[in-house]
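Asker: could you work out the structure for the sequence below:
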Amino acid sequence: MRIQVNSDKNIGTDTRMIAFVEGEVNRFMKRFARRLTRVEVHLSDVNSHKFGTHDKRCRVEVRPAGHRPLTASNGAKNVKQAVVGALTKMRTYLETVFGRIQARRATVPAKPHCALKEPARPKETLKVAAAGAMAAAQPEEIEQAAESARGTKKKPIYQARRKSWPRR
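Answerer: Alright, predicted model coming up:
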């Protein structure tokens with residue numbers, strides 16, 4: 001995992017600042033160090049020479065191996081608080097992303113080594129009249145034969161409604 005620190009012209013980055021940022025990045029991202037290729041930290045002062053409450057901004061860009069880059073930013077009173085806040089957001093974001101990836105991999109079933117046969121389904125035994133007798137039977141008799149084969153009888157109100165429907 002490479003760590004790169006960038007800043008604008010309003011923030012001086014000396015060796016102490018770079019060492020602090022790299023130490024914080026290593027501390028926050030050590031869980032994900034093998035999965036990350038590069039971490040870029042961009043420090044900026046939003047309103048340059050003027051004073052403001054949240055005018056220091058830190059933007060962290062993380063590049064996971066095989067995935068799109070992810071960013072998180074935070075504004076604070078000073079650079080140290082901005083760096084810690086942005087890295088905290090990035091750590092939670094990476095936990096979420098890698099957790100989803102791991103969950104997705106866990107739900108995909110592995111291919112079996114040998115083809116599994118489906119269990120044999122029992123054949124339904126229905127007593128149906130012969131083809132000639134079925135053709136001569138009335139529609140009500142066919143419905144009764146089908147209902148007796150199913151084993152469940154519909155309520156009388158549904159039967160009355162069905163009989164009142166127009167024939168096709």
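Asker: pull out the buried residues from the longest helix seen in the chain.
Answerer: Taking DSSP state H as the criterion, the chain has its longest helix at helix 79-107. Neighbour counts over helix 79-107 (16 or more other C-beta atoms under 10 Å) mark 79, 82-87, 89-91, 94, 97 as buried. C-beta: built from backbone N, CA, C; applies to glycine.
Asker: mean confidence for that helix?
Answerer: Helix 79-107 comes out with an average pLDDT of 91.
Asker: now residue 99: how far from residue 89?
Answerer: 16 Å (C-beta to C-beta, to the nearest Å).
Asker: oops, could you answer that again for residue 28 instead?
Answerer: Between residue 28 and residue 89 the distance is 10 Å, computed by C-beta to C-beta.
Asker: and what of residue 23?
Answerer: Noted for residue 23: a distance of 18 Å to residue 89, by C-beta to C-beta.
Asker: tell me the pLDDT at residue 125?
Answerer: Value for residue 125, per-residue pLDDT: 45.
Asker: cool, residue 20 as well?
Answerer: 95.
Asker: also residue 120?
Answerer: pLDDT, residue 120: 58.
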